[in-house]
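J.: quick one, structure for this:
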Amino acid sequence: MILRRLAVIGGIALTWMCAFIGLCSLDAFFVSYGPSKTHTARLNVGAVENALWQYMIEFNRCPPGNDDLIRGHYINTAALVDPWGTAIAYSCSSDEDLTAHSAGPDRTFGTADDVTRDF
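T.: The predicted structure follows:
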């Protein structure tokens with residue numbers, strides 16, 4: 001009887017320890033393997049495109065520069081840079097075609113690792 005109670009208490013203690021260690025491991029997992037830089041770059045590119053559309057709707061033209069987007073509160077400064085530290089490039093054409101893209105991990109525009117909003 002006593003042995004059985006000790007086994008149950010030991011099992012409960014072991015379960016709690018595993019749960020605690022598991023939670024600690026999950027925390028470490030999300031710190032190490034959180035959203036990828038590519039995913040973050042896509043989100044930033046999307047934010048820039050949204051800011052461009054808002055600016056275009058209000059002023060009927062492409063913004064002359066990033067400062068206009070920031071001053072107008074269309075976007076924050078952090079979203080204008082990709083996770084690798086390169087400014088996100090954007091362009092507006094006369095037929096209302098707005099595009100933005102990140103240079104990607106190699107920090108060079110026009111290469112295969114460029115990041116766009118498309119998933």
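J.: per-domain residue ranges of this protein.
T.: In terms of domains, the chain is parsed into 1-34, 37-101 (source: automatic domain parsing).
J.: which stretch in those domains is the model least sure about?
T.: Mean pLDDT across the domains of the chain is lowest at domain 1-34; the value there is a mean of 51.
J.: please report phi then psi for the spatially closest residue to residue 82 that is not a sequence neighbour.
T.: For residue 82, the nearest residue in space outside its immediate sequence neighbours is residue 102; the separation is 3.9 Å by CB to CB, 6 or more residues apart in numbering. C-beta: built from backbone N, CA, C; applies to glycine. With angles defined as degrees, to the nearest 10, residue 102 sits at phi -100, psi 150.
J.: bridging residues for residue 102?
T.: Applying DSSP bridges to residue 102 gives these bridge partners: residue 115.
J.: how close does it get to residue 112?
T.: Using CB to CB, to the nearest Å, residue 102 is found at 13 Å from residue 112.
J.: which one's more surrounded, these two?
T.: Neighbours per residue (other CB atoms under 10 Å) separate residue 102 from residue 112, with residue 102 holding more: 28 against 6.
J.: ok, that one touching residue 111?
T.: No: between residue 102 and residue 111 there is no contact, the gap being 11.2 Å when judged by CB atoms under 8 Å.
J.: ok, now which ones touch the residue lying closest to residue 85 once chain neighbours are set aside?
T.: Of all residues not flanking residue 85 in the chain, residue 107 sits nearest, at 7.4 Å (CB to CB, 6+ apart). Residue 107 is in contact with 84, 85, 86, counting by CB atoms under 8 Å, 6 or more residues apart in numbering.
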